[in-house]
Every structure is written in structure tokens, then in C-alpha cells.
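Chemist: My questions concern the predicted model and sequence given below.
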Amino acid sequence: MSTNSLPFGSDEDGVFKTRVAVSCFGEEVAPCFDTARRFRYWEIVAGEAVRYRELHTDSDSGIARIQLLTQAGVHVLICNGITERLRELLEANECVVIDGVVGSSSDALFGLMAGQIFPASKKQALKPEQMQPHTADLVAWTEELFQRSGWKVRRVSGDSLFPIDLLAEIICPVCQKPVRSAICCGAHAYRLEEEIKEFKRISAAGYNARVYVHHVIPGILKTCRDFEIELLDPYEFTQNEIQAASAHSIAPLKGRILDHEAFNAA
């Protein structure tokens, strides 16, 4: 009997197979399993992907997605956000759910096969309204948010500053010197902690603030604090009107501004 490096799957005619599905939006892991219409599907045998195809649904029902995966015999689902009810139904059908994964679907598969992503023992399911938007939409939303708050914003192109998406600048209302901010709209990599570490490294010099845009999930706030990065949750702003100067005079930032002690003390 052949062996498989993955601990999930079934023995079929003496061959151990693992069927993996990744919920997709374009080539990225979809922000929300509940509304994903496309799934990339692989069969893994002896540590190698031996079969690939795509699964599709036009239904708006989360149950239809579960039925689709069940009919395909999927052992492992890789996704980003998923509601608790659908997670429980999948697990009842003996499908392992690995959520909180972002980046390309291919990277997610390779991460699974390399043992870099795996199901956590306990997960806190996200509410539907807290699902992370697709990265391109999030960049556009963040750009508009900062512009409406008085910042000059430009998009970053190329890989030299990856994973920085936006560079923003505003004049400090206290000392009249520039405040430069590097902004990363999360979900480029399949592990957020690794992305945050890389964001800190690439923005280590030349910036007065670093902003990571992502909904709050367990552990992410502490990671950002440890790396002196301000976490900006889109959900906070979709639920409330943006008032540029009401709560903070360099909105939407709320934390300390590096090298602007007079402003921080004000």
C-alpha cells in the first residue's frame, strides 16, 4: 500500500488518497466559503497531486456548497472565512476545515502538503459581515478612506516593496512636518503572521506609521502590537460613518506616530 504525507484521507483499493478543495475567488482563496462559487480540487497520493479539476456552483445556498464537496468526496477544505454552522456541517460529514488561509489557492495547497498549514484545535468562526474583502477591493476601499481623511495616497507597483499596497502622506497638524505611512491590505500570504512580519521588515525605515488592514481575528491584534503596527479593521468603518477629524486629528490612525512626540503628547 502506498503512503501519503497527509494525515487526512481514505484508503481506496490499497491507495491512500486525500481530496483537497480550496474555495476560490479568481486565483485567490475566497474571502468567504459561504458565497464562493468556484473550488479548486486536487487528489493527493503519496505526497503528490495526481489529479486536478474545478468544482462550480451557481447556488446562493451554503448547503449546496457542502453537498458539492460531499459528492466529490473532499477530505480537506481550505478556506478563509466560514460561518460556524457550515463548519459544523462539513465536520459532521468528516471533512477537515482549515480556515483563516489567504493568498493564492496553489500556495495554500503547497502549504498544506508541506505541513505549514493545518487545522487549529479551536477556531473562532467569523460573523458573515466580518469576512475579509478580496484584496483588490480592500486596496480601493483603503485608498478612498485615507483620501477622504486628507491623505495623499499612491499605490505601490512592482515587487520591491511587497507586501506594501499603499503609501500615504499627510502634514502633521502640530509640527507641520510630513507623516508618512506604509499600508498593507492583508491577505497576500497564506499565513497572516508571516505577512505581518514581512510587512514590518520591508517598512522598518522611513515611515512614521505602519497600517495593516484586516478584520480582527484571534491573535492578529497581538501580532500587530508586537511589531508596532496599527491594525485597521474595515468592519469598524463599514458600520460607522467616517468622520475624519472627530476622534483623531490624523484619522483614521489612532496610535502613536513615530518621531512626532509633540503630536503624541497633545
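Modeler: On my side now, so go ahead. Numbers count the residues shown, from 1 in each chain.

Chemist: And for residue 97, the neighbour number?
Modeler: Look at residue 97: counted by other C-beta atoms under 10 Å, it has 20 neighbours. All C-beta atoms are positioned from the backbone trio N, CA, C, and that covers glycine.

Chemist: wouldn't it be in contact with residue 88 here?
Modeler: No - the pair residue 97 / residue 88 is not scored as a contact, 9.3 Å apart, by C-beta atoms under 8 Å.

Chemist: Output the contacting helices and strands for the helix or strand that residue 223 is a member of.
Modeler: Assignment of secondary structure by DSSP states H and E places residue 223 within helix 220-226. If contacts are counted by 3 or more C-beta pairs under 8 Å, 6 or more residues apart in numbering; DSSP states H and E, helix 220-226 sits against helix 192-202, strand 230-232.

Chemist: now for the shortest one, which elements pack on it?
Modeler: For strand 230-232, the elements it packs on are strand 209-213, helix 220-226, judged by 3+ C-beta pairs under 8 Å, 6+ apart.

Chemist: Then the longest one?
Modeler: Helix 192-202 makes packing contacts with strand 178-185, strand 209-213, helix 220-226 when contacts are defined by 3+ C-beta pairs under 8 Å, 6+ apart.

Chemist: And the closest residue to residue 206 other than its chain neighbours, how far from residue 192?
Modeler: Using C-beta to C-beta, 6 or more residues apart in numbering and skipping residues adjacent in sequence, the residue nearest residue 206 is residue 180, 6.7 Å away. For residue 180, the distance to residue 192 equals 24 Å [C-beta to C-beta, to the nearest Å].

Chemist: burial measure for the spatially closest residue to residue 232 that is not a sequence neighbour, as a count.
Modeler: Using C-beta to C-beta, 6+ apart and skipping the chain neighbours, the partner closest in space to residue 232 is residue 213 (4.9 Å). By other C-beta under 10 Å, the residues close to residue 213 number 26.
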